[in-house]
Each structure stands twice: as C-alpha cells, then as structure tokens.
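A.B. asks: sequence-free structure coming up:
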C-alpha cells in the first residue's frame, strides 16, 4: 500500500470566480475543510499512477483536500479497509480476486462508498450496477472523462455528509450511519449497538462512547441504555417504546433528564 496526502489551501489559489473548476460551481464548498479519502485499486502501475495524477490535478483545480491510497489488488484493498473511503476507483480485470468480487465484498462492509469501475471493455462495466457502481471509465483514460466522473463523485460526497461510526466486527470493521443507531445497550463489559435490524456486540462501556453519541438526539434512559430520541414512539411510566416495538427501561434517577431532553429535541424539530 502506498499512501499519499495532498493538501491544498485556498488562500494560495485563485478566487473561485476566476477558476473554471467544480469549485466555481459551488459543489465543493462544504468539502473545503473536510478531507476526501480516495482509493485506487489497479494492478497495472502505469494506470495507478495516471489516476493518482488525475486526482491531484482535480483536487488542485477544485481547491479541495484529498488523501489518495493506492492498492495493486483487491485482496490488499480489503485487508486494509478499516478507515473508510468516500470514493473508490476499481479496476475490473485484476489477477486473483477481480474487481467485481472485490466490490461485492466491499458492499458487505460499506454501502456508502462511491464506486467507479475502470475497465478496458465497456460491456464488463455493465455488471457494475449489481454493486451500485456510480459509473465507469474505459481505458485508455483521458482527463476529460475522468474529470466528469470525479465531479459527480464529489457532488455525491457533498450530499452524503453524514456522521459515520466504524464498529469492529469479526471480519474487520463495518461503517454505520450515526442516524441509524436506534439505541446502545450495555451488558457487563460489552456494548450492543442496535443499528436498523442489525446488532453489533463489541467490548466496552457507555463511558467509552465516541463524542458523537454524547449529545442529542442520544440520551441515557438508564445506566445501561443510550437511546436515539428520533426513534422514541412513546413514554409510559418507567419505560419507553421505540418505533420498532422494543420496550426499554427509564430509571427514576434519569427520568426527569430524559423527558426534558425529549421535549427539547421535539421542540427544536417543530
């Protein structure tokens, strides 16, 4: 794996109104201070380096900060996929595990990464829709078609500015959206994250939760439960019911604080 960090500071570049780039269109405004992580998975070194140069050129023109990581095969990409990438350029025809199989395994861990296939034959790229690929590039790759795919990918990144959590699992790490966490349950020395219809059990305590879970809409209902108020259906007596039907306890010592937080949360949403 080869890691490159490219930092571009707008103060040293031309004003957006004088620059013909995606930045001048306004799609990168909210990404200027947030790094975009990009993976290039390509077995041919010449194409890896070409895509890297294109990414650098685009980042310079758009005045955005990117971190590009190069992988020469799908296995190494998956083995080190624990920090998450917003954009992935994936060659289809690679020795060992091809790009389609790599993409399927990627999707089992991360459904949000923006995927662009790279191929010598356009008909292979049609299979990319099975793994929700955004688009594809046909070799030999020119900058103009790359530019437009990258522009679309950056626009999608801007729309996906959601807070994510990476939870360790037996297969590595899985990315979940913070808004999808319904509640967190503490059992002895373990935490159970209830995310959608899935549950993830990891070692830890409620004291070890990340800062993003320490503010609204997340509130402790007892010493063992942290609840996302977005999913609270009703409160009755010493318990609350979530939209999925789960009934969780509210301790007497935390009930007043919980109800006040609930009132503030729904009052702010009106």
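C.D. replies: Looks like it arrived, so ask away. Remember, predicted model here, so these are calculated numbers, not experimental data.
A.B. asks: okay, strands next: where are they in the stretch 51-200 of the chain?
C.D. replies: Along the stretch 51-200 of the chain, counting by DSSP state E, counting those that start in this stretch, strands occupy 66-71, 87-91, 114-119, 135-138, 164-169, 172-177, 181-187, 190-195, 198-203.
A.B. asks: can you give me phi and psi for residue 92?
C.D. replies: phi -90, psi -50 (degrees, to the nearest 10).
A.B. asks: name the nearest residue to it, ignoring sequence neighbours.
C.D. replies: residue 99 (3.9 Å; Cβ to Cβ, 6 or more residues apart in numbering). No exception for glycine: its C-beta is placed from N, CA and C like everyone else's.
A.B. asks: my read: that neighbour touches residue 116, true?
C.D. replies: No - contact criterion Cβ atoms under 8 Å: residue 99 and residue 116 do not qualify, at 10.7 Å.
A.B. asks: the more surrounded of these two?
C.D. replies: Counted by other Cβ atoms under 10 Å, residue 99 and residue 116 do not tie: residue 99 has more neighbours, with 31 against 23.
A.B. asks: residues contacting the more buried one?
C.D. replies: 41, 74, 90, 91, 92, 93, 117, 118, 119 (Cβ atoms under 8 Å, 6 or more residues apart in numbering).
A.B. asks: so how far is residue 231 from it?
C.D. replies: Using Cβ to Cβ, to the nearest Å, one gets 37 Å for the distance from residue 99 to residue 231.
A.B. asks: can you get me a residue count around residue 191?
C.D. replies: 19.
A.B. asks: can you pull the pLDDT of it?
C.D. replies: Per-residue pLDDT puts residue 191 at 94.
A.B. asks: quick one on the thing from earlier: hey, what's in contact with both of residue 99 and residue 116?
C.D. replies: residue 90.
A.B. asks: one step back: please produce TSV containing the strands of the stretch 51-200 of the chain, extended by distance to residue 58.
C.D. replies: As requested, those are arranged in TSV below (distance: least, Cβ to Cβ, whole Å):
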stretch	distance to residue 58
strand 66-71	8
strand 87-91	11
strand 114-119	13
strand 135-138	13
strand 164-169	24
strand 172-177	24
strand 181-187	34
strand 190-195	34
strand 198-203	36
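A.B. asks: where does pLDDT dip in this structure?
C.D. replies: Applying pLDDT under 70 to the chain picks out residues 1-33, 82-83, 124-126, 161-162, 268-270.
A.B. asks: returning to what we had before: give me the buried entries from the contacts of residue 99.
C.D. replies: 41, 74, 90, 91, 92, 117, 118, 119 (16 or more other Cβ atoms under 10 Å).
A.B. asks: max pairwise distance over those residues: which two?
C.D. replies: 74 and 119 (14.1 Å; Cβ to Cβ).
A.B. asks: now for the contacts of residue 99: which two are most distant?
C.D. replies: 74 and 119 (14.1 Å).
A.B. asks: closest to residue 243 among the contacts of residue 99?
C.D. replies: Closest to residue 243, out of all of the contacts of residue 99 and judged by Cβ to Cβ, is residue 90, at 36.8 Å.
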